[in-house]
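Novice: Just a sequence and a predicted model for now, questions to come.
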There are 2 protein chains.
Amino acid sequence: MFSKTCEYAIKAVLYIATQSLNNIRVKIGDVAENTGSPEAFTAKILSTLTKHKLLHSIKGPYGGFEIEEKKMKQIKISEIVYAIDGDAIYNGCGLGLNKCNAAKPCPMHDKFIKVRSELKKMLETTTVHELATKVKAGKSILIRN
Amino acid sequence: MFSKTCEYAIKAVLYIATQSLNNIRVKIGDVAENTGSPEAFTAKILSTLTKHKLLHSIKGPYGGFEIEEKKMKQIKISEIVYAIDGDAIYNGCGLGLNKCNAAKPCPMHDKFIKVRSELKKMLETTTVHELATKVKAGKSILIRN
DNA sequence: CTTATTTAAGATATTTTTATCCGAAATAAA
DNA sequence: TTTATTTCGGATAAAAATATCTTAAATAAG
């Protein structure tokens, strides 16, 4: 569904957000360790997310990543997906046609659109804060040992 | 959503089915040309689909691929997806956890399950015949020029 | 100012996916 | 039986995604 990079990105944001809820700033290594992601690759992803203003980064000693609580209430999961995977999942044709619309639809167009708008709506109405709160409360996990 | 290979596979099956509705047996080259897929790669995919009994192939002159009308009424799009992409789309965790269930869910588990079961149901209730009929009637297309 | 720590950025490597090529096997028709 | 046509299967190649490494830039603390 999402690229592996995007899965890492979502888990990273949620880990950082969860820690930020406790006012803890985290380093790349912490993120990698607690999301089961490769460290150097995680660095790249966090850098991308920071450029997209989805995270706040601080360089130097005692630096790391964090997200303001206000910000995590605003940010939707859809924004993370968009920043990493682009809009293919929102706009692309299910059968890969370079153009596909009601006027000239692929055979799956109608059915695909329907399911996908559910997915889109789900991603656009789910905030980072909502999910981070669940993780903080121990109701869900970001890594499986 | 689906791999590129899977997109080619679905389009190939639908093209062959559409032609079969007119009792026309088609060759690899025809399939590639009419689905906008690379020919040699299409050959590989058709071979896989044939092994999975989703197509009928005939070797030699006047050979090619076809699908009985009876068969295309039975085959669901879900079977094509499963043959090519496996069960990741049906069972995998949205965030890539190697195990994810209601007991130890990833933060998106519930919402993801919901959307995905819609997708699953859609694929499992859509037959090749249904879509091929649409294509035959000119109501949808497999390639965009 | 110097040192240690941390993210940023670019180059490089590995793995997976996508794609091609070529010879073998099957088979219809002359 | 020979030839032409077609799929099949294995080897190889190219492109994209995933992952690592190395150096630079920023900055806090001594």
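Specialist: Received the coordinates, thanks.
Novice: Give me the helices and strands touching the lowest-mean-pLDDT helix or strand in chain A, please.
Specialist: One helix or strand of chain A scores below all others by mean pLDDT, DSSP states H and E: helix A:88-91, with a mean of 92. Helices and strands in packing contact with helix A:88-91 are listed as helix A:77-85, helix A:109-124; criterion 3 or more Cβ pairs under 8 Å, 6 or more residues apart in numbering or on different chains; DSSP states H and E. Every residue, glycine included, has its C-beta placed from N, CA and C.
Novice: Dump these into CSV; add mean neighbour count and distance to DNA strand C as well.
Specialist: Formatted as CSV, the entries for the helices and strands packed on helix A:88-91 read as follows, by neighbours: other Cβ atoms under 10 Å in any protein chain shown; distance: least, Cβ to the nearest atom of the strand, whole Å:
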stretch, mean neighbour count, distance to DNA strand C
helix A:77-85, 20, 14
helix A:109-124, 17, 17
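Novice: Show me the one of those that comes nearest B:Tyr62.
Specialist: For the helices and strands packed on helix A:88-91, the distance to B:Tyr62 is smallest for helix A:109-124, at 34.6 Å, taking Cβ to Cβ.
Novice: can I get the CA coordinates of that closest one in CSV?
Specialist: Extracted C-alpha coordinates of helix A:109-124, given in CSV (Å, rounded to 0.1, in the frame of the first residue of the first chain):
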residue,chain,number,x,y,z
HIS,A,109,-12.2,3.1,-12.3
ASP,A,110,-15.5,3.4,-10.4
LYS,A,111,-14.9,0.7,-7.9
PHE,A,112,-11.4,1.8,-7.4
ILE,A,113,-12.3,5.4,-6.8
LYS,A,114,-14.8,4.4,-4.2
VAL,A,115,-12.4,2.4,-2.1
ARG,A,116,-9.6,4.9,-2.5
SER,A,117,-11.7,7.8,-1.4
GLU,A,118,-12.3,5.8,1.8
LEU,A,119,-8.6,5.5,2.2
LYS,A,120,-8.0,9.1,1.4
LYS,A,121,-10.7,10.2,3.9
MET,A,122,-9.2,7.9,6.6
LEU,A,123,-5.7,9.4,6.1
GLU,A,124,-7.0,13.0,6.0
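Novice: counting contacts, what elements does the following helix or strand past that helix pack onto?
Specialist: Remark: after helix A:109-124, the chain's next helix or strand is helix A:128-136, criterion DSSP states H and E. The criterion is 3+ Cβ pairs under 8 Å, 6+ apart, and the helices and strands that helix A:128-136 contacts are helix A:4-21, helix A:69-74, helix A:77-85.
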